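K.L.:
A structural model of the following input is requested.
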Amino acid sequence: MRPQAVDVLEFLKQDRAIREQNEAREKGMRDFWSQMETQRDKGREEGREEGRQNLRAVARALLAMGVSREKVARATQLSTAEVEALERA
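P.N.:
Residues are numbered from 1 along each chain as shown. Okay, the predicted model is just below:
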């Protein structure tokens, strides 16, 4: 006795219109998930950039309070060069 899924697949192979509809649906789903992944990656990148901006604001505040560049770099995990650039700006 053949599994029912095999029978369904055999039927789908025989009907061209149904097969084309199925392929179009699958393509649509792949496109949808690709767009979702792209948007997720874009959101993550925007979040990272926002986090970097917040770190720069904290670094500026610490520098204004007289905290040394090295301590600011350690506290914010920014590079010493980035902290120096913020200090000059």
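K.L.:
Would you mind listing where this structure has pLDDT under the threshold?
P.N.:
1-2, 12 (pLDDT under 70).
K.L.:
can you pull out the helices in it?
P.N.:
For the chain, the helices defined by DSSP state H occupy 4-14, 16-64, 69-76, 80-88.
K.L.:
Make TSV out of those and add mean neighbour count.
P.N.:
Glycine gets a C-beta too; all of them are placed from N, C-alpha and C. Shown next, in TSV, are the helices of the chain (neighbours: other Cβ atoms under 10 Å):
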stretch	mean neighbour count
helix 4-14	10
helix 16-64	11
helix 69-76	16
helix 80-88	15
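K.L.:
dump the residue contacts of residue 62.
P.N.:
Taking Cβ atoms under 8 Å, 6 or more residues apart in numbering as the contact definition, residue 62 lies against 71-72, 75-76.
K.L.:
Out of those, the closest to residue 24 would be?
P.N.:
Nearest to residue 24, judged by Cβ to Cβ, of those is residue 76 at 50.8 Å.
K.L.:
what about that closest one, distance to residue 82?
P.N.:
9 Å (Cβ to Cβ, to the nearest Å).
K.L.:
repeat for residue 9
P.N.:
The value you get for residue 9 to residue 82, if Cβ to Cβ is used, is 58 Å.
K.L.:
got it, and residue 53?
P.N.:
Residue 53 is 12 Å from residue 82, by Cβ to Cβ.
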